[in-house]
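Q: Build me a model from this:
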Amino acid sequence: MATYSIRTYGDPVLRQVAADVENIDGSVQRLIDDMVETMHEAPGVGLAATQVGVQKRIFVYDVGEGPSVVLNGRITESSGEWVYEEGCLSVPGLYWPIKRPNQVLLEGIDRDGNELKIEASELLGRVFQHETDHLDGILLIERLDPDQYKEAMKILRSRSLNPDQEKAKRKLLGRG
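A: Reported below is the predicted structural model:
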């Protein structure tokens, strides 16, 4: 069982900008370890602290080379373009082709407080962009073109109906 529940679309915490980590203490180290466990159990390749309701600028990732963490991460340079089908643990089961820069430079610090500068492209670069978006209060659906966004909102609104609303909707549509 995952250490944290992953917050999903509609939870206002996902729209908040995360605060920088000022002190890397034992609680931050435990949070990092718990986030890695949660990400792996989901399963996912990245997880931002905001997705588990913690307003700290931390994300974990694992693209097959073992888990890593970035604190206070920011994309400082980007170039190129790459369209790739992208999903999100906070918008489960939905995927869209998203256009993002292909190459990025991520700057931040590691779990020991050492400065990081990581050049990344393709999947790793995309993970960095996706997770820093979360830390900036930006959801995947905001990266969609207008037609995709309209369709996504239709799906997400239908998911957010409570059972009584869903029953009323089915009745209105002649399906129940």
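Q: Now do the helix or strand hosting H130: which elements does it pack against?
A: Using DSSP states H and E, H130 falls within helix 122-135. Counting contacts by 3 or more C-beta pairs under 8 Å, 6 or more residues apart in numbering; DSSP states H and E, helix 122-135 is packed against strand 46-48, strand 58-61, strand 68-79, strand 82-88, strand 91-100, strand 103-109, strand 115-121. Where you see a C-beta, it was placed from the backbone N, CA and C, and this is true even at glycine.
Q: could you redo the last one with a cut-off of 7 Å?
A: With contacts taken as 3 or more C-beta pairs under 7 Å, 6 or more residues apart in numbering; DSSP states H and E, helix 122-135 sits against strand 46-48, strand 58-61, strand 68-79, strand 82-88, strand 103-109.
Q: which residues sit against the next helix or strand along the chain from that helix?
A: Next helix or strand after helix 122-135 toward the C-terminus (DSSP H and E): helix 146-159. Residues outside helix 146-159 that contact it (C-beta atoms under 7 Å, 6 or more residues apart in numbering): Y9, L94, W96, I141, L144.
Q: Could you dump those into JSON lines with distance to V104 and neighbour count added?
A: Converted to JSON lines, these look like this (distance: C-beta to C-beta, whole Å; neighbours: other C-beta atoms under 10 Å):
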{"residue": "Y9", "distance to V104": "25", "neighbour count": "20"}
{"residue": "L94", "distance to V104": "24", "neighbour count": "16"}
{"residue": "W96", "distance to V104": "20", "neighbour count": "20"}
{"residue": "I141", "distance to V104": "21", "neighbour count": "19"}
{"residue": "L144", "distance to V104": "20", "neighbour count": "19"}
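Q: In this structure, where is pLDDT below threshold?
A: 1-2, 160-176 (pLDDT under 70).
Q: what bridges to the closest residue in space to S121 that isn't next to it in sequence?
A: Using C-beta to C-beta, 6 or more residues apart in numbering and skipping the chain neighbours, the partner closest in space to S121 is Q103 (4.5 Å). Legend: beta-bridge partners of Q103 under DSSP bridges are S79, S121.
Q: Q103 touches S79, doesn't it?
A: Yes. Using C-beta atoms under 7 Å, Q103 is in contact with S79, at 5.0 Å.
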